[in-house]
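Visitor: Please find the sequence and the predicted model below.
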Amino acid sequence: MDPKPKKISNNNKKMIHVLLLPYPTQGHLNPMLQFAKRLVSKGIKATLATTIFVHASLHKANPTTTNPNHHHHLSIDFETISDGYDTTGRSVSGIGIYLETFRVVGSRTLAELIRRLSESGRPVDAVVYDSFLPWGLDVAKGFGLVGAVLFTQSCAVNAVYYHVHNGAVLVDEGDDVKGKKKVVSLPSLVPLQISELPSFYSPGLYPGYHYLVLNQFSNVDKADFVLFNSFFELEKEIVEWMAKLWPVRTIGPTVPSMCLDKRLENDKDYGINLWQPDNDICIKWLNEKSFGSVVYVSFGSVAKLESEQMVELAWGLKNSKHYFLWVVRESEKTKLPLEDTLKLDEKKQGLLVNWCPQLEVLGHKSLGCFLTHCGFNSTLEALSLGVPLVAMPQWTDQTTNAKYVEEAWGVGIRARPGEDGIVRREVVENCVKELMEGEKGTEIKKNVNKWRDLAREAVGHGGSSDKNIDEFVAKLAPL
Ligand code: UDP
């Protein structure tokens, strides 16, 4: 299916202007920002519209972004819209109320922004909106603009949600019967056990998030482009299957260019942090360690571990006898009892930080493997930098990502929980040892390097994602 965007009002002399609308969390901001950088590198003018709350947080956390009209050496403009929670960033009444308020206030303030940009001589030609914000398309179409949706989770995960949306995965399939694991088989996907489905597939514990992920498909048929932060080679069967439904284009991995094709000068990091990273501490500590000797541990920006899990993880890491660098966000700190923390540090085996420069850490020569929650950005970053994974998924898309990490892509092993849902210390220890010392580790390293090379090719000149971005850009040019 070929996208036929409406003829857009622009004249030949003016640069095409794309307004990008990310969902306001770190894992969604990063891909949108990186896509903006790629567009700029291809002669497009890009403006990133973050919420007022995120805009304020970014400025506090990262002094290099103090000029709202400039990002690093790439001229990306920053503008704001409102989600209705300008000072708190979140509704205390839960995700459902937050999303509805964001839809109402966001639609209005996005429309005001588009009008304001037009009046100030910077008319917008196209809106790229996060799939979590489908109303972005309604606003774009209200102005007769091209509307492109960007999915920041994997094609596999979204294929599952699409099937659920269509009623093809029944909610009552959620029960494994008498200990026998049920398997869900869906077109183009590997067979998935219930625990391997993305966790919002059923309203279960998270009705608000269930609504959010299904609502991504409410108007997707009307989008001019359906973009994915993935690359064709990584999810070939699923992309081909989805391409029968929509004008799908994979444009990832949206990882800074210096980690991949190195074509965008100075594009070393995302450059936007919602927390201040402990850069110097991490890099100094890593510099003192020998080649491939460190396990990096992080559960991303949102996941919360139970206290018991934190303790098991801490002992598993300690018992592995390998060095580890562990990101424990401030809000998670109290879950690691002090006595355990102290014992950990007897031999300076572990370094705990609040937030780290993850790309620099993953690319560091001392790194051996990454024990991760399998957020899709973290997964793609590890893959792009050739780092083997110990997968310890918690919720949302991580469960499915972990399945693909281990079985489809062969870039890691899963640290499996027991019946009580806790991954025990012996499991952590064994997984780390297997990757750092065992034959399995060598085989996985080979696989991950293969994917690293394919990821580089995809975003490199003439690669699958590069061509897709070129095509997107070409379709925005005046007819
Ligand atoms: N990240 C980081 N420093 C940290 C931990 C994470 O910069 O200490 C970044 C990481 O590089 C990734 C993002 O935060 O780009 C997390 O996104 P992901 O999709 O992996 O997980 P989420 O936070 O959405 O669960």
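Guide: Received it, and whenever you're ready, just let me know what you need.

Visitor: only C-alpha atoms for contact and neighbour calcs from this point on.
Guide: Noted.

Visitor: Check which residues of the helix or strand where Arg103 lies are buried.
Guide: Following DSSP states H and E, one finds Arg103 within helix 95-119. Residues of helix 95-119 classed as buried by neighbour count (16 or more other CA atoms under 10 Å): 95-96, 98-99, 101-103, 105-107, 109-111, 113-114, 117.

Visitor: Looking at those residues, which is nearest Ile76?
Guide: Using CA to CA, Leu117 is the member of the buried residues of helix 95-119 that lies nearest Ile76, at 14.1 Å.

Visitor: For the ligand, see how far away the closest one is.
Guide: 29 Å (CA to the nearest ligand atom, to the nearest Å).

Visitor: And for Leu389?
Guide: 13 Å.

Visitor: which ones are touching that residue?
Guide: 369-372, 382, 405, 411-413 (CA atoms under 8 Å, 6 or more residues apart in numbering).

Visitor: which one of these is nearest the ligand?
Guide: Thr372 (8.2 Å; CA to the nearest ligand atom).

Visitor: how far away is that closest one from Lys440?
Guide: Relative to Lys440, Thr372 is positioned 18 Å away (CA to CA, to the nearest Å).

Visitor: cool, and Val40?
Guide: Distance from Val40 to Lys440, by CA to CA: 41 Å.

Visitor: about what we covered before: out of the buried residues of helix 95-119, which comes closest to the ligand?
Guide: Taking CA to the nearest ligand atom as the measure, the ligand lies nearest Ile95 of the buried residues of helix 95-119, at 15.6 Å.

Visitor: That closest one contacts Tyr209, correct?
Guide: Yes - under the criterion of CA atoms under 8 Å, Ile95 makes contact with Tyr209 at 7.0 Å.

Visitor: By mean pLDDT, which helix or strand of this structure comes out lowest?
Guide: Using mean pLDDT, DSSP states H and E, helix 338-344 stands out as the lowest-scoring helix or strand of the chain, at a mean of 69.

Visitor: Give me every residue in the stretch 301-450 of the chain lying close to the ligand.
Guide: Contacts of the stretch 301-450 of the chain with the ligand, taken as CA under 6 Å from any ligand atom, map to 301-302, 327, 355-359, 375-378.

Visitor: Please check those residues and keep the buried ones.
Guide: The buried subset of those - by 16+ other CA under 10 Å - is 301, 327, 355-359, 375-378.

Visitor: what's the helix or strand for the residue nearest the centre of the chain?
Guide: Residue closest to the average C-alpha location in the chain (CA atoms, centre = their mean): Asn377, at 3.5 Å. Using DSSP H and E, Asn377 sits within helix 376-384.

Visitor: Among the residues of the stretch 301-450 of the chain next to the ligand, find me the one that's closest to Gln398.
Guide: Gln398 lies nearest to Gly375 out of these, by CA to CA, at 5.5 Å.

Visitor: Look up the closest residue to the closest one, ignoring the ones flanking it.
Guide: Excluding the flanking residues, the one nearest Gly375 by CA to CA, 6 or more residues apart in numbering is Gln398, at 5.5 Å.

Visitor: ditto for Val40
Guide: Ala46 (6.3 Å).

Visitor: same deal with Asn319?
Guide: That would be Glu429: by CA to CA, 6+ apart, it lies 6.1 Å from Asn319.

Visitor: and the strand or helix carrying the one you found, what's its mean pLDDT?
Guide: Here Glu429 sits within helix 425-437, counting by DSSP H and E. Helix 425-437 comes out with an average pLDDT of 98.

Visitor: What is that helix packed up against?
Guide: When contacts are defined as 3 or more CA pairs under 8 Å, 6 or more residues apart in numbering; DSSP states H and E, helix 425-437 sits against helix 307-320, strand 367-372, strand 389-391, helix 439-459.
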